[in-house]
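**Student:** Here is a sequence with its predicted model. Questions after.
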Amino acid sequence: MSSKTILVVLDGLNYQVAHDCMGYLTGLIEHQRATLYKIQSELPSMSRPLYECLLTGISPVNSGIVNNDIVRLSNQDSIFSLATSQGKTTAAAAYHWVSELYNIAPYHATRDRFTNSKQLNIQHGCFYHWDHYPDEALFLDAEHLRRTHQPDFLLIHPMNIDDVGHKFGLDSRQYRNSARTADIILSNYIDDWVNDGYQVLITSDHGMNNDLSHGGNLPEERDVPLFVIGERFTHQASDNIQIKQTDICGVLCQLLSLKHNKTYPQELLVL
Ligand SMILES: [Zn+2]
């Protein structure tokens, strides 16, 4: 069984802040429509290395994407390359580093900001290069892609939580409020996505620390949420399932019924 799937990566969202501040998603959990798991990010706890980890299942020290300044295409099978090569439609509204990893590197906004090509791994793209590009606009970009192209796989990747974390730190009202804002935006879309048959995963690449950064081994830098919504998930209690960040790509492959050699936790998914 193949299910259309949406992966939301809320950049820089720490687990505890997600747990405490996202009232809509927590309401879904209380009504048995979502489940929250804690995931530990791979290392270094940095964006570009962990985009590659989430989207290929390969940890940074093995992919070679070990810092944010490595500008080249991924040389791994990704959820995008696997999906397009097996006849699925892919789309992403995401930071331009995602375009550099899976479509064209380096990124040129005039050429690459809006992408429509069946030859590319991300066939339909809306990419941005401003860390303060409003989450509200990014979700509208994603919804435009979804309604226009009905992608089998859609990546939605807003940056404001990370951006505010770099300005004010983990333990700040501004950082927590940016998570609350993302939760409100999500509340405007999730019912439509589910009613249109999508399975939904909401996670993050890495967390945040009080030095206005991330990259190391602190729990607050590494612990990130994974919310899952949809009937393809078993919704087993979180203490019964160990999910690694390197498993996410395999979970996406399973939901899309792709042939793949990625790892995934079987207990997470309905057979
Ligand atoms: Zn960051």
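**Tutor:** Cool, the structure landed.
**Student:** contacts, neighbours, all on C-alpha from now
**Tutor:** Will do.
**Student:** what sits against the closest residue in space to Gly215 that isn't next to it in sequence?
**Tutor:** Spatial nearest neighbour of Gly215, chain neighbours left out: Ser45 (4.1 Å); criterion: CA to CA, 6 or more residues apart in numbering. Contacts for Ser45 (CA atoms under 8 Å, 6 or more residues apart in numbering) come out as 205-207, 214-217, 221-222.
**Student:** what do you get if the cut-off is 7 Å, keeping everything else the same?
**Tutor:** 206, 214-216, 221-222 (CA atoms under 7 Å, 6 or more residues apart in numbering).
**Student:** Using CSV, write out every CA atom in the strand or helix carrying His166.
**Tutor:** His166 is located in helix 160-168, with elements delineated by DSSP states H and E. C-alpha atoms of helix 160-168 as CSV (Å, rounded to 0.1, in the frame of the first residue of the first chain):
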residue,chain,number,x,y,z
ASN,A,160,12.0,30.8,11.6
ILE,A,161,12.4,28.7,14.8
ASP,A,162,16.1,28.2,14.1
ASP,A,163,16.5,31.8,13.2
VAL,A,164,15.0,33.1,16.4
GLY,A,165,17.0,30.6,18.4
HIS,A,166,20.2,32.0,17.0
LYS,A,167,19.1,35.5,18.0
PHE,A,168,17.6,34.8,21.5
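**Student:** which helices and strands sit right next to it?
**Tutor:** Helices and strands touching helix 160-168, by 3 or more CA pairs under 7 Å, 6 or more residues apart in numbering; DSSP states H and E, are helix 173-187.
**Student:** Can you list the residue ranges for strands in the protein?
**Tutor:** 5-9, 34-40, 90-95, 114-116, 124-128, 153-156, 199-203, 223-229 (DSSP state E).
**Student:** So what touches the fifth one?
**Tutor:** Outside of strand 124-128, the residues within contact range by CA under 7 Å, 6+ apart are 90-96, 113-117, 141, 145.
**Student:** returning to what we had before: tell me the two of the contacts of Ser45 that are most distant?
**Tutor:** With distances taken as CA to CA, the most widely separated pair in the contacts of Ser45 is His206 and Gly216, at 9.9 Å.
**Student:** Just the mean pLDDT for stretch 32-49, thanks.
**Tutor:** Stretch 32-49 carries an average pLDDT of 98.
**Student:** got a list of what Thr115 touches?
**Tutor:** Thr115 makes contact with 123-126, according to CA under 7 Å, 6+ apart.
**Student:** and what of Pro158?
**Tutor:** Pro158 neighbours (CA under 7 Å, 6+ apart): 9-11, 94, 135, 138.
**Student:** Any of the contacts of strand 124-128 buried? List them.
**Tutor:** Neighbour counting by 16 or more other CA atoms under 10 Å classes 90-96, 113, 115, 141, 145 among the contacts of strand 124-128 as buried.
**Student:** Nearest to Phe80 among these?
**Tutor:** So of those, ranked by how close each gets to Phe80 (CA to CA), first place is Thr90, at 6.4 Å.
**Student:** quick one: the nearest residue to Leu138 once chain neighbours are set aside and Asp77, what's the gap?
**Tutor:** The shortest distance from Leu138 to any residue other than its chain neighbours is 6.2 Å, reached at Pro158 (CA to CA, 6+ apart). Separation of Pro158 from Asp77 (CA to CA, to the nearest Å): 24 Å.
**Student:** Kind regards, and thank you for your time.
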